[in-house]
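Colleague: here is my input, please return the structure:
(one chain, ligands or ions: 2)
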Amino acid sequence: MAEILAITNQKGGVGKTTTAVNLAAGLSVCEKKTLLIDLDPQGNATSGVGFNKKEYSPSIYQVLLELLPLEKTIKETSLKNLFLAGTGQELIGAEIELTQVIGRENRLKGALKNLGTPFDYIIIDCPPSLGLLTVNALTAANRLLLPIQAEYYALEGLAQFIETFNHVRATINPTLKLEGGIITMFDARMILSNQVKEEISKFFGASLFQTMIPRSVRLAEAPGFGQPIFQYDAKSKGAEAYLALAKELIQRCEPTAAPTSEQPQETGVQP
Ligand SMILES: Nc1ncnc2c1ncn2[C@@H]1O[C@H](COP(=O)(O)OP(=O)(O)OP(=O)(O)O)[C@@H](O)[C@H]1O
Ligand SMILES: [Mg+2]
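Modeller: Ligands and ions are numbered 1, 2, ... in the order given. Model prediction:
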């Protein structure tokens, strides 16, 4: 059974897509067969792994409308073990077209259930909203990851998110787990980043991931080349951090598993 993780936060620009792409890539580097699902009409995860989001077809849109099985939308990426179910702008239409449909929040879950190809991890990149696309991700996932940008007002809006999370748990997905927060764009030199870190730590407690993602120009540049950080600059701080995050996640999901081929290392910015 695959671990299905939704990367969510209704706040825009907090590092959801950067985390989805590079965490999925990090898992694939750790030899975990990983599927990245782009559930955001912006299509940034699709272009982030080298595909043209304007031409990606067939896409998740057709899957949500039950026109095609998920299998048909999956493409290999240039990273071994990393696969993409991509999308483009047409996905906005799915949100509208599904409004009147009974069971509309179950479409992605149903598609994943029928997926013939086995994956170790499935990572879903969500749009910055609490609309039907995000609810589909929350319904299909068994764990949630919340990237939180190290800035003032980082926790603003989170209460509303937790409300949606609780509602989904109470009604359609009782086993959904809030796996934890991930601090992104952290700058250890800034007093502000450190203050915000304290606040986020208090909110998430032990569920906060130890690995923090540093603010890094290389991470911001990589999508422009359609490459995960491991291809764009494997020696960068950003690559180290996302590899550490992938390993931390594997430890959480597979506590009894042997360490991955690479030894755990002190990488990324640790608190
Ligand atoms: N660790 C980082 N260091 C530097 N820049 C980053 C980092 N993480 C993300 N960025 C940049 O910040 C911007 C927003 O990141 P990203 O697209 O991942 O956020 P998002 O939450 O997916 O946004 P949206 O809500 O629009 O989907 C992008 O330009 C990205 O390149
Ligand atoms: Mg995004």
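Colleague: could you check how far Arg104 is from ligand 1?
Modeller: 22 Å (CB to the nearest ligand atom, to the nearest Å). To be clear about C-beta, it is placed using only N, CA and C from the backbone, and glycine gets the same treatment.
Colleague: wait, isn't that residue in contact with Leu132?
Modeller: Yes. Arg104 is within contact range of Leu132, at 6.2 Å (criterion: CB atoms under 8 Å).
Colleague: so which bits of the protein are right by ligand 1?
Modeller: 12-18, 40, 42, 44, 128, 184-185, 213, 215-216, 219-220, 223 (CB under 6 Å from any ligand atom).
Colleague: tell me which helix or strand comes right after the helix or strand where Glu95 lies.
Modeller: Secondary structure from DSSP states H and E places Glu95 in helix 91-97. Toward the C-terminus, helix 91-97 is succeeded by helix 107-113 as the next helix or strand (DSSP H and E).
Colleague: got the CA positions of whichever helix or strand comes after that following helix in CSV?
Modeller: Remark: after helix 107-113, the chain's next helix or strand is strand 121-125, criterion DSSP H and E. Output of strand 121-125 as CSV, limited to C-alpha atoms (Å, rounded to 0.1, in the frame of the first residue of the first chain):
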residue,chain,number,x,y,z
TYR,A,121,4.8,7.1,-2.0
ILE,A,122,2.2,9.3,-3.7
ILE,A,123,2.7,13.0,-3.2
ILE,A,124,-0.2,15.4,-4.0
ASP,A,125,0.5,19.1,-4.7
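Colleague: what's the average pLDDT for strand 121-125?
Modeller: The average pLDDT within strand 121-125 is 98.
Colleague: so is the helix or strand just after that strand next to ligand 2?
Modeller: Using DSSP H and E, the helix or strand that follows strand 121-125 towards the C-terminus is helix 132-140. No. Helix 132-140 is not in contact with ligand 2 by CB under 5 Å from the ion; minimum separation 11.6 Å.
Colleague: what's the following helix or strand after helix 132-140?
Modeller: Taking DSSP H and E, what comes next after helix 132-140 is strand 143-149.
Colleague: tell me what that next one is packed against?
Modeller: The contact analysis (3 or more CB pairs under 8 Å, 6 or more residues apart in numbering; DSSP states H and E) places strand 143-149 against strand 3-7, helix 16-29, helix 158-171, strand 177-184.
Colleague: angle of the last one against helix 16-29?
Modeller: Between strand 177-184 and helix 16-29, the angle formed by their directions is 100 degrees, by axes from the mean of the first three to the mean of the last three CA atoms, to 10 degrees.
Colleague: tell me which residues in strand 177-184 are buried?
Modeller: Leu178, Glu179, Gly180, Gly181, Ile182, Ile183, Thr184 (16 or more other CB atoms under 10 Å).
Colleague: of the residues you listed, which is the nearest to ligand 1?
Modeller: Nearest to ligand 1 out of the buried residues of strand 177-184 is Thr184 (CB to the nearest ligand atom; 5.3 Å).
Colleague: I am finished for the moment; much appreciated.
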